[in-house]
Structures are given as structure tokens and as C-alpha cells.
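Asker: Okay, here's the prediction I keep looking at, along with the sequence it came from:
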Amino acid sequence: MARVRVLLADDHPPLLSAIRRLLGAEFEVVGEAHDGEEATRMARELRPDIVLTDLTMPRIGGLEAIRRIKEDRSASAIVVLTVLADPAVVDAAVEAGARGYVLKSQAGAQLLPAISAALAGRCMVPVGLS
């Protein structure tokens with residue numbers, strides 16, 4: 001079975017390293033973007049199965065990156081990984097095209113289930129934030 005291809009988008013290199021370890025051998029990280037503009041370009045070029053993105057990044061933020069990736073008619077499923085625990089932001093991310101929303105503090109328990117749900121076409125957001 002082919003590994004799931006993932007594009008990581010976050011402006012904190014130590015977090016990117018931690019996420020790589022959390023994803024393990026089942027996933028192939030095909031790229032790392034350090035801002036929303038780069039994430040948009042790399043999603044278009046690499047066509048990953050999953051785009052895992054933060055919302056607060058330089059140049060353009062994650063919400064705008066999600067919108068642009070979806071405007072490109074990308075088949076990539078998008079999962080947000082952020083510290084922002086605001087129901088209005090969750091709603092905006094889902095409206096923009098995200099299929100998952102995970103708080104960084106809960107990544108160990110919720111990231112892999114959120115990715116699985118997104119790949120299956122379902123949306124997973126934290127209870128109380130939707």
C-alpha cells in the first residue's frame with residue numbers, strides 16, 4: 001500500500017521535526033513550507049494527499065492558503081494544526097476547505113485520527129470548537 005503523501009506548512013522548524021516523527025513510516029513528507037505563499041505553491045506542484053497547515057504564518061496566513069489551495073481545485077485534503085482555539089476560526093477554516101482542525105496541544109492524540117478522517121472525506125474538529 002502506498003504511503004500517504006503529506007505537505008507540512010508551519011514556520012517553526014522544531015515543530016516540523018516533531019510532526020515528522022509523529023507521522024512515522026506510514027506517511028511520506030513530500031515538502032515543508034514555511035509560509036502560506038510557499039504552501040500554496042508547493043501544494044500546486046506536489047499534489048500531496050494531505051496538506052497539514054498552521055494558521056499563523058508569514059506572508060499569507062493559513063486561512064488564505066487553504067482558500068488558494070482549494071481554488072486551484074486541489075484534491076489534497078487539508079488539516080489545520082494550530083494553537084488557535086476559537087470556534088469562529090474553526091468555522092472559517094472549515095468554510096475555506098479544511099477537513100480537520102487539531103490543536104497543537106492535542107496533536108499526539110488527535111492528529112492521526114484527523115488525517116484518517118480527512119482522507120476518508122469526513123471532517124474532524126475538536127468537541128466544543130465546532
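Answerer: Structure's in. What do you need?
Asker: Give me the contacts around the least confident helix or strand in the chain by mean pLDDT.
Answerer: The helix or strand of the chain with the poorest confidence is helix 13-23; it has a mean of 90 (mean pLDDT, DSSP states H and E). The contact list for helix 13-23 (Cβ atoms under 8 Å, 6 or more residues apart in numbering) reads 6, 8, 10, 29, 32, 34, 52, 81, 104, 107-108, 111-112. For every residue, glycine as well, the C-beta is placed using N, CA and C.
Asker: Could you list the alpha-carbon positions for that helix in CSV?
Answerer: Extracted in CSV, the C-alpha atoms of helix 13-23 (Å, rounded to 0.1, in the frame of the first residue of the first chain):
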residue,chain,number,x,y,z
PRO,A,13,11.2,24.2,12.2
PRO,A,14,11.3,22.3,15.6
LEU,A,15,7.5,21.7,15.3
LEU,A,16,8.0,20.4,11.8
SER,A,17,10.6,17.9,13.1
ALA,A,18,8.2,16.8,15.8
ILE,A,19,5.3,16.3,13.4
ARG,A,20,7.6,14.2,11.1
ARG,A,21,8.3,11.9,14.0
LEU,A,22,4.6,11.7,14.9
LEU,A,23,3.6,10.8,11.4
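Asker: Which residues belonging to that helix are considered buried?
Answerer: Buried residues in helix 13-23, counting neighbours by 16 or more other Cβ atoms under 10 Å, are found at 16, 19, 23.
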